[in-house]
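A.B. asks: Kindly return the folded structure for what I paste below:
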Amino acid sequence: MSQIAHGAAREIVYVLDFGAQYSQLIARKVRECGVYCEILPFDTPTSGILAGKPKALIFSGGPASVYEQGSPACARDLLESGVPILGICYGHQLIAHLLGGEVRPGERKEYGRTELEVISDDRLFLGIAGRGASLACWMSHGDTVWQVPQGFVATAKTHDAPVAAMADPVRRIFGVQFHPEVVHTPFGKDLLRNFVIGQAGCQASWSIGSFIEAAVAGIRGRVGEGERVLLALSGGVDSSVCAALLCRALGHRLTCILVDHGFMRKGEAQRVVDVFRRSFDVDLVHVDAADRFLAKLEGISDPEEKRRRIGEEFIRVFEEHSEHLANVKYLAQGTLYPDVIESGGRVAATIKTHHNVGGLPDVMKLPLIEPLRDLFKDEVRRLGRGLGLPENIVGRHPFPGPGLAIRVIGEVTKAALDTLREADAIAIEEIRAADLYDSTAQAFVVLLPVRSVGVMGDQRTYANTAVLRVVTTEDFMTADWARLPYDLLARISNRIINEVPGINRVAYDISSKPPATVEWE
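C.D. replies: Alright, predicted model coming up:
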């Protein structure tokens, strides 16, 4: 279970995670329907699942094939528990496989936008489309259900998938081959609402307000009377909201430590100190550890090793300073779910290790408190507003914990950091001046270890390349590159090349996520 007090959620839906990168996206969409949702590992015992008295279960997608030996599966008795179940992609195939249907490799794989035809009445499509209607959906699969189990009826198909959706309305078990949780399936949220509210009978009673109450109660229940919590504060949205939540729960028993690792943006450390001493009635300790962190990265080019070393050094700095504070028993972090899922799990692939998840050392003196661990960025912003944080904090673009160290591609040096800091400041200044900061989700500059020939002042140059990266997204699990105006791109490029020594070429990254990630490292 999460660190959120389960008692505040009168009803709960569980997502069983079979290795999907987007399991939490399913949970997020269910929460948007006003129903509380948590994720459990696929091999959670049936008794443990049912002990939580879920109103419904959702089986996630996953990369495996259900007919292969050792592929993830739940116990068949879960399908006979009487709890309404929805299978998505792999989950859809697993239901068919466990109940006697046929699953085999598709003649052609389906990836991306696909036309779906509704071929039978289905309560999941109530108010969305009737029999014979055509809908756009998002597919990502190689295997296909070819024959439904006994008691089921195929309710939708595509050109290459004869059973793109199926239903057993008596047992209230449903399966869909497509992904209703992604924005590329326009009717997906309505379908999930039809399942959790229409078929499972959930009440739309969960909200960010109820989350605040549950989280505060959970923090107070865990932190003993007189015990203190140390918060790793970066000044970004996540740690700021975490600070506000902990402050509400603990008051003056919270101490915030801002570690300036030397990888922050231009003037960032001082701005964070000024804002927090002005806006928060909490203890704030500012630690200048730039030389210490830079020394740890000397000669290191591998991004995973960078993250690991930065993560470990963070913890060591916090532990050293906690020794000078009485009764500090916990370390708090603003970890979000995208940090967790991209760092990998038992079935999900590791995309990149986040310094505050996979980068943590094996042995830590202080147990972690991560009250935002189950939330997406947009949910955290709503939480921040609910806690009364000012918009200039809540609306800030995300900034990774390792900072500019993972935006200097290759070995990190002070000279490279200084160059990148100036280029990044110019890009953000121009994006703000164009009034596009709030309509984009994240903007930054990457410094490449690639030099090219240029001409400046009739002189040959041989300098580095900077890459501008600006994306739009709702949840940071998927993202698209921002279509910035050409004149804005021209201003940013001209200013960086003219004003920042060591850069003579600027490129614009037009990669979406997936297949790329937002950060380069």
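A.B. asks: Strands of the stretch 301-450 of the chain, start to end?
C.D. replies: 328-332, 368-369, 442-456 (DSSP state E, counting those that start in this stretch).
A.B. asks: pull the CA atoms of the last one into PDB?
C.D. replies: Okay, so that is strand 442-456. Taking C-alpha atoms only, strand 442-456 is exported to PDB below (Å, rounded to 0.1, in the frame of the first residue of the first chain):
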ATOM      1  CA  GLN A 442       9.500  21.900 -19.600                       C
ATOM      2  CA  ALA A 443      12.200  23.900 -21.300                       C
ATOM      3  CA  PHE A 444      16.000  23.700 -21.000                       C
ATOM      4  CA  VAL A 445      19.300  23.500 -22.900                       C
ATOM      5  CA  VAL A 446      21.600  20.500 -23.200                       C
ATOM      6  CA  LEU A 447      25.400  20.900 -23.800                       C
ATOM      7  CA  LEU A 448      26.800  18.300 -26.200                       C
ATOM      8  CA  PRO A 449      30.500  17.100 -26.200                       C
ATOM      9  CA  VAL A 450      30.400  17.700 -29.900                       C
ATOM     10  CA  ARG A 451      32.400  20.500 -31.500                       C
ATOM     11  CA  SER A 452      31.900  21.900 -35.000                       C
ATOM     12  CA  VAL A 453      33.500  24.500 -37.200                       C
ATOM     13  CA  GLY A 454      32.000  28.000 -37.400                       C
ATOM     14  CA  VAL A 455      32.800  31.500 -38.400                       C
ATOM     15  CA  MET A 456      32.600  34.500 -36.000                       C
END
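A.B. asks: out of the strands of the stretch 301-450 of the chain, nearest to residue 53?
C.D. replies: strand 368-369 (26.5 Å; CB to CB). All C-beta spots, glycine's among them, are computed from the backbone N, C-alpha and C.
A.B. asks: ok, the closest one: who's next to it in the sheet?
C.D. replies: If you go by DSSP bridges, strand 368-369 pairs up with strand 328-332 (parallel).
A.B. asks: if we can go back for a sec, now tabulate the strands of the stretch 301-450 of the chain in JSON lines and tack on mean pLDDT, distance to residue 514 and mean neighbour count.
C.D. replies: What follows is these, written out as JSON lines (pLDDT from 0 to 100; distance: least, CB to CB, whole Å; neighbours: other CB atoms under 10 Å):
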{"stretch": "strand 328-332", "mean pLDDT": "90", "distance to residue 514": "31", "mean neighbour count": "22"}
{"stretch": "strand 368-369", "mean pLDDT": "91", "distance to residue 514": "29", "mean neighbour count": "20"}
{"stretch": "strand 442-456", "mean pLDDT": "92", "distance to residue 514": "16", "mean neighbour count": "17"}
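A.B. asks: so which of those strands comes closest to residue 521?
C.D. replies: Per CB to CB, nearest to residue 521 of the strands of the stretch 301-450 of the chain: strand 442-456, 8.5 Å.
A.B. asks: starting at the chain centroid, how far to the closest one?
C.D. replies: Here strand 442-456 is found 28 Å from its chain centre; the criterion is CA atoms, centre = their mean, to the nearest Å.
A.B. asks: right, and the strands of the stretch 301-450 of the chain - which one's nearest residue 28?
C.D. replies: strand 442-456 (18.4 Å).
A.B. asks: And that closest one, what does it pack against?
C.D. replies: Packing partners of strand 442-456 (3 or more CB pairs under 8 Å, 6 or more residues apart in numbering; DSSP states H and E): helix 414-433, strand 459-472, strand 503-508.
A.B. asks: Could you tell me the angle between the last one and helix 414-433?
C.D. replies: Our comparison of strand 503-508 with helix 414-433, counting by axes from the mean of the first three to the mean of the last three CA atoms, to 10 degrees, yields an angle of 50 degrees.
A.B. asks: can you pull the alpha-carbon coordinates of strand 503-508 into CSV?
C.D. replies: In CSV, the C-alpha atoms belonging to strand 503-508 read as follows (Å, rounded to 0.1, in the frame of the first residue of the first chain):
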residue,chain,number,x,y,z
ILE,A,503,29.0,27.6,-28.3
ASN,A,504,28.8,28.3,-32.0
ARG,A,505,25.8,26.1,-33.0
VAL,A,506,22.3,25.6,-31.5
ALA,A,507,19.9,22.8,-32.5
TYR,A,508,16.3,22.2,-31.6
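A.B. asks: Just checking: what are the partner strands of it?
C.D. replies: Looking at strand 503-508 with DSSP bridges, its partner strands are strand 459-472 (parallel).
A.B. asks: No further queries at this time; thank you.
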